[in-house]
Structures are given as structure tokens and as C-alpha cells.
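>>> Predicted model, plus sequence, below.
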Amino acid sequence: MGQGSSRSMSCDDLGGSNGKYMSRRERFKKKLHLHLHRGDRDKSSRGSGSGSGSSHPKLSSMEDFAGIALVTIISAEMKFKDKWLACMSIGEQTFRTEISDQTNKPKWNSEKKFLLERNGPHVAKITVFETNRVTKNNLIGYCEVDLFEFLSRDSDSDIEVFNLIDPSSSNVVVGNITLSCTVEDPIETEKSFAKRILSVVDYDGDGLLSFSEFSELINAFGNQHAAKKKEELFKAADQNGDGVVSMDELAMLLAVQQEKEPLINCCPVCGEFLEVSDKLNTMIHMSLCFDEGTGNQVMTGGFLTDKQASYGWMFKLSEWAHVSSYDAGLNSGSNASHIVVFDRKKKRLVEEIIDGKIVLSMRAIYQSKVGLGIMDKGAKELLQSISEKQGRKMNSPESVKDIPPFLKFFKDQINMAEVKYPLDHFKTFNEFFIRELKPGARPIAYAGRDDVAVCAADCRLMAFKTAEESLRFWIKGKKFSIRGLLGNIQCSNSFIGGTLVIFRLAPQDYHRFHLPVSGKIEQIVDIPGSLYTVNPIAVNSKYCNVFTENKRSVAIISTQEFGKVAFVAIGATMVGSITFTKKKGDYVQKGDEFGYFSFGGSTVICVFEKDSITIDQDLLAYSARSIETLVTVGMQLGVSAKERNITIF
């Protein structure tokens, strides 16, 4: 696969205890042993480090460096002939192959190198698209590959065949795909680092640098001070005095010089400025960049999701014409038809599906003064009437015919294997919409500990230490406040300065909401209001205040670990009702079902008293980047601030 370095180490370099040879795979398994026993896979995500402005993710310490992984999408076998495209998504990166010839056995031999972190993203999603559509390509099948498990297998082969699953049904196999995965661990990366650097200016390929070649390399490093001392540095590197610098001599110079006075200020391949003090990330960045620069890698990168990577000329045309922008975070929600969120469980970016016509209408209404002016002149009442009419329709027996198209539209976002009852059990669309899940489908984090709060819904989550932070990063309505959200309940002042968590449900989500904490329900108060959409397009509008103007119900839960917690269920467009399955005076456990929303998308907001909860850092970090995090009921949300000596990962 064009990467001999992963097999070129000597027995001395790779030796284990008692002088026995330790293979690359054995060393990788040993390195991951602590990781696997700690069970970090099921804990909250740290993110992949993007957002730093670098083209490559960054590490915080050497301890987290599992190696540089090389994944190759080799070929596939499909059930019909077409032109095929494959994508690989991991963390905040997505790559795509070239389009194959017309065949049922496409061959790509398309490879990509990327940083692999012990506590970072390690489940790669491989998707295969047919490309005979004019406007968009069609997702046919996918598989998910845990790279840690792949690399830790007992097999000596780097190649494995995986079934491709139909996105509409997890029980249907639509083909298979052949993948290869190897890892270049830290020892190999360090040894090959100088070789990669040398290759930049070693024009004759003899593995030696003349003074002129050495001078060009120093210039490429972007360090003006070092450039003035080329002769001095060349003499220091040429230890045997033969008039040329070998790979070993260059490696020694770089190692010694990095400790004294670093030579490398910028990447000689991409030109990016590198932090002089960050030796580890300099090495990783340049190792990845050199391979890209030498043309060893075939997969194209720079995409956020597989859907974006699969778009053909229509996407490029829309971007060129500024019809839409494609980005994660606030821009995506307020200005574009693509909502990209971070999946906490899978540790990668995913795209939320929303009909393009609906997006255009929402932008026309919520992102302009004219649109909101229309709302003020009677459209609110019209919206209320439409929602009520749609609610009645979805409760009628005829509405059952809308279930199959709904499932088809959200084919890769609804898992029917988790649903408690089979499809023929539901007699109306609304019965399906408020479907229950099988027992155990949503495990509750630290179920026996009331000092750990959990997520209240399957949703896209934003978390902020204060309401003021939410106004900076997410909510653009000028009049939003905690008092406005909670209305005239007696204890509203208790929540001033408190922590705010927004759980946004989309139509495809499981629409029953659950309790984030254990305690007693002190009161439930209904507050009348409008039925604006809770889509980010409206939430991020400066012309309306969705959360403080919409119909909502406020429940106050009294807890031992968190004090009082306000639980606000907010209605939205097409949501006929908010139904609670618990009542005032009930003692409840975290994770218990609390109620459900009828047809439509909606939102739950939880407000904690000031300094009562420490929200998980990954949730705060993505929220500060204006990126929603995709979570499910029962995932850890945060820890009681009263227990400051407790650390939960």
C-alpha cells in the first residue's frame, strides 16, 4: 500500500521483555490495554481537536498519541452495476474516493492517513453511494469499523471484508467492502520523520543532502535566524566531514537543535505556521503533510460529512453561487440548508436531514424583518390553526400511510430495532411518532448515583454556564432571559445566573423526554404562547424570541444534589400538545420517562441553580464553538458541584 515504514523496524527497535520480538500489532495492543480496560469508548467525547485553525487535528500530550493510521478502501461487491463512490468519516473529518467505472465490483485502492488518538474518535463510518443521479448521489450501504478493534485483532492480515448494511434496515445486507488498516506508532513516526523531511529537497533520491539542498530545506522551514547560519548548521550536521548530510545526521541535527533553538517555524509542504514549542504536533503535522505532498494518498479530504462529500456538481454550483454555505455551527443553522452536528457516541460530524423547501420558507420568515412582520399581522394565529389541524390529521387512521414515507426520508436516522412494538402496531402516525423504546435501549449513566445528571432526550444539545453565554454563542433573540423563559413561577429568581441546557428534538427523534435528575416534582405550570419552529434558523434569528414566546410547560424539580431544577418543555410548529406522564408531588428517578411531544420537533430546556452543576467539558466546548452535540437519553450531562472531589469521565 505504498507504506513500507510500518514494517521496516528492526527486532532491536521492537523488542519486548526478555529480548523477544514484539510485532507491531502486539505493541499496539499493549499500548491500548489500559484504554480498553478503562472503557473510555463509552465515555464522553473530547472532540478531535479541530477548530484550532490547523489542517490537521492536534494532540494535547504524547500519552494520547496512538499512532498515525493508514486506512485503504480497496474494493466492494454490490448487487447491481453502477458508478460507485465510497466515503470514510471519522471525528470531524470525511474523505472520499474517486468514482469507479460502471460495475458491480468497484475497485478504488484509495488510501488516507490520519492521526489516531487513544481517547479520540476511532470508529470510522464507511458509506457507499451510487452516482447515477443528476442532483444527488444515493446512499446504498454503510458499515462502521472500530479501528482499535481492527488493529488489535490476532490476525496477521491487514485486510478484512465488511458487510454493507442497508440504511433503511439494519437486517439487510446490500453488499460488502474490503478495507485495509495499518498503524504507524510513535516509534515509527519518530524514525521516519527525518526521512520525510529529507525527501522534500533530496531531488536525486540518493538519501544525502548537498549544501545547496540543505540550504533550500532550511529556507523552507521559515526560520530567518536559522537561515543566516546555514553554513554553521551544515557543518554541525555533517559529523563525518564527507561534505553531505545523511538521513541519520539530519535526524541528529533536528533532535539536538529542537532542544536548543528549533529550526522549524512553518510546514515546508503546506506553508502553515507551526508553534515552535509544540514539537509533538509539529512532527505529526509534517508527517501527514509530507505524505499528502508526495501524492501517496488518493482519497480527497476537506469534507465535514459523507453527504457533503457525496454531492456532485450541484453542490459545487450552489456553493459557487452562494446559495448555501456548508459548515458546522451557527452559520449552518442560520444561513444554510445544512445543519451539521457532532455525534457524541460515534465521535464524528453528522448532517441533520431537513427538507429544502421547509428551509427556504423558514429563512424567509425568521431571518427577515418582513417575515416577522407578517407573523405579527395574523400569521401567528394561522400557524396555530395549521398546527392544530395537522395534529388532528396525524391522529386519524388515514395518517398511518404517512409512516413509510417518513421512515424512507429518515432512513439512516431511525433505528426500528430499538422500538418496543413492530410497525403494524401503530394505527395512526402520531402513535408512531410518540413510540416507546425497548427496555434497556437507553442505558442510564451511573444509574445508582443521584449526583450525576443525565441527558433528558434524544436530541441536539447546547450547554452554557450562564444564559449570557447562550446569547453570545447561540440564542440571538434580544429579549431572551431566564425570567422570560420561566414566566411568573414563584422561584424564578433562584435560577438567575444558573446553567442552561437546551435539548432540541428533530422530527426523526424519539419524542419522549426523560428526567435528568432524581427528586420531587414541586409544580408544573403551563404558559400559553406561539408555535414558532425551534429549528436553529429561528433560534438564531434576531427578530424573534422562540423560547420565551412559544407555548411551554415549566416543571420545578426539587433535588438533594442539585437544588432546584427547572424543566421547560417547549411546544413548536406542528406540535399539538405537551403531555406529562408524571404529576405534581411525584418522587422520580433520573432516567424515568417524564412525558412526550406529539407530532413535530420541539425542545426541552433545563435550568440549574447557579454553581450547582459541572457540565461535561466536551458539551461546553462544542457549545462554545456554536456546534450542537447529538446525544441520547441517559448519557452523562454533568456532575453535582457539591461533590468537587469526584471526577467522572
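Cool, the structure landed.
>>> Which parts of the stretch 151-300 of the chain are strands?
Per DSSP state E, counting those that start in this stretch, the stretch 151-300 of the chain carries strands over the ranges 159-166, 169-184, 208-209, 245-246, 300-303.
>>> Need the pLDDT of Ala237.
Predicted confidence (pLDDT) for Ala237: 85.
>>> got it, and the one 10 residues further on?
We have a pLDDT of 75 for Met247.
>>> returning to what we had before: which one of the strands of the stretch 151-300 of the chain is the most hemmed in?
Comparing the strands of the stretch 151-300 of the chain by mean neighbour count (mean count of other CB atoms under 10 Å), strand 245-246 comes out on top with a mean of 23. In this view, the C-beta of every residue, glycine as well, is placed from N, C-alpha and C.
>>> can you list contacts of it?
Applying CB atoms under 8 Å, 6 or more residues apart in numbering, the external contacts of strand 245-246 come out as Gly207, Leu208, Leu209, Phe214, Phe234, Ala237, Asp238, Leu253.
>>> Can you list the strands that it pairs with?
Note on strand 245-246: by DSSP bridges, its sheet partners are strand 208-209 (antiparallel).
>>> so which of the strands of the stretch 151-300 of the chain comes closest to Lys229?
Closest approach to Lys229 among the strands of the stretch 151-300 of the chain (CB to CB): strand 245-246, 14.7 Å.
>>> now the helices for the stretch 1-150 of the chain?
For the stretch 1-150 of the chain, applying DSSP state H, counting those that start in this stretch gives helices covering 24-38, 147-151.
>>> which stretch in those has the least confidence?
helix 24-38 (a mean of 54).
>>> on that earlier part again, now, which of the contacts of strand 245-246 lie within helices?
Phe214, Phe234, Ala237, Leu253 (DSSP state H).
>>> Please identify which of those is nearest to Lys551.
Closest approach between those and Lys551, by CB to CB: Leu253, at 69.8 Å.
>>> Give the full set of residues in contact with that closest one.
Counted by CB under 8 Å, 6+ apart, Leu253 has contacts Leu233, Ala236, Ala237, Val245.
>>> How about Cys606?
Ala456, Leu500, Val501, Phe503, Pro516, Val565, Ala566, Phe567, Val568.
>>> picking that back up, ok, the contacts of Leu253 vs Glu272, which is closest?
Distances from Glu272 to the contacts of Leu253, taken by CB to CB, are shortest for Leu233, at 22.8 Å.
>>> Give me the neighbour count for the closest one.
For Leu233, the neighbour count with other CB atoms under 10 Å is 19.
>>> With adjacent residues omitted, what lies nearest to Asp166?
Val172 (3.9 Å; CB to CB, 6 or more residues apart in numbering).
>>> thinking the one you found is in contact with Ile165, fair?
Yes. Proximity of Val172 to Ile165 meets the contact threshold set by CB atoms under 8 Å, at 7.0 Å.
>>> which intervals of the stretch 151-300 of the chain have sub-threshold pLDDT?
185-194, 198-200, 255, 257-262, 268-269, 271, 275-280, 283, 286, 290-297 (pLDDT under 70).
>>> tell me the domain ranges of the protein?
The chain breaks down by the TED database into domains covering 67-184, 187-264, 323-396+436-648.
>>> Show me the one of the ones you listed that comes nearest Ile414.
Nearest of those (CB to CB): domain 323-396+436-648, 5.5 Å.
>>> re the thing from before, next, format the domains of the chain as JSON lines and append distance to Thr300.
Listed next are the domains of the chain as JSON lines, based on distance: least, CB to CB, whole Å:
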{"stretch": "domain 67-184", "distance to Thr300": "5"}
{"stretch": "domain 187-264", "distance to Thr300": "21"}
{"stretch": "domain 323-396+436-648", "distance to Thr300": "15"}
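>>> Of all those domains, which one is nearest Ala417?
domain 67-184 (5.6 Å).
>>> end to end, how far does the closest one reach?
5 Å (CA to CA, to the nearest Å).
>>> With stretch 264-273 instead?
9 Å.
>>> likewise stretch 493-513?
Terminal residues of stretch 493-513 lie 25 Å apart, using CA to CA.
>>> one step back: any chance of the contacts of strand 245-246 in CSV, plus distance to Gln589?
Shown next, in CSV, are those (distance: CB to CB, whole Å):
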residue, distance to Gln589
Gly207, 67
Leu208, 71
Leu209, 68
Phe214, 69
Phe234, 71
Ala237, 67
Asp238, 72
Leu253, 64
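>>> Which pair in those has the greatest spatial separation?
Across those (CB to CB), the longest gap, 16.5 Å, separates Gly207 and Phe234.
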